[in-house]
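A.B. asks: any chance you could fold what I've pasted below:
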Amino acid sequence: MNISPIRNEKDYQNALNRLEEIFEAKKGTEEGDELEVLSILIDRYENENFPIEMPDPIEAIKFRMEQLGMKQKDLAEVIGFKSRVSEILNKKRKLSLNMIRNLNTELHIPTEVLIQDY
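C.D. replies: Alright, predicted model coming up:
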C-alpha cells in the first residue's frame, strides 16, 4: 500500500483511478484497507474542493412535493391553510418553527435545510 495525501487535481485523478482498480477488494485484505483509506482521502478532498451548498428551503419543499406527487392542497395538511401554503411557496411568508417541525416529520426534509434564510 503506497498512499499519500491528495493535494491537487493530478493526485485526485490518480486516487480515483486506483480506487476504480481495487473497488471490488474484500474487507480485511491489504487492498481492502487501501480502498478504505483512499475513500476517506477522496471524500475529504471532494468536500474541501467541491463543496455542495444546501438547497434553498422553499426549493427543497417543492422538490420533495414533486417526489411525493403532492399538490399544494396536500401540503396544506402538513403546514396549515391553503393560503399559507401559497404564501410560503411564493416566499411571501416565512416558515414558522411549527411548520419546520411538521415538514421535517412528515416530508423528512432536514431541519438544517428548512431553517436557512431565504
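A.B. asks: pretty sure Leu19 sits against Leu41.
C.D. replies: No. With contact defined as Cβ atoms under 8 Å, Leu19 does not reach Leu41; the gap is 9.4 Å. Using the backbone N, CA and C atoms, a C-beta is placed for each residue, glycine as well.
A.B. asks: number of residues surrounding the closest residue to Gly32 other than its chain neighbours?
C.D. replies: Excluding the flanking residues, the one nearest Gly32 by Cβ to Cβ, 6 or more residues apart in numbering is Ala25, at 4.4 Å. Ala25 has 16 neighbouring residues, counting by other Cβ atoms under 10 Å.
A.B. asks: give me the number of residues near Ile61?
C.D. replies: 25.
A.B. asks: ditto for Arg18
C.D. replies: Applying other Cβ under 10 Å, I find that Arg18 has 17 neighbouring residues.
A.B. asks: what's the answer for Lys91, then?
C.D. replies: Neighbours of Lys91 using other Cβ under 10 Å come to 11.
A.B. asks: equivalent analysis for Ile3, please.
C.D. replies: 13.
A.B. asks: distance check, the residue nearest to Gly32 against Arg64.
C.D. replies: 37 Å (Cβ to Cβ, to the nearest Å).
A.B. asks: over to Ile109?
C.D. replies: Distance from Ile109 to Arg64, by Cβ to Cβ: 6 Å.
A.B. asks: same check on Asp11?
C.D. replies: 37 Å.
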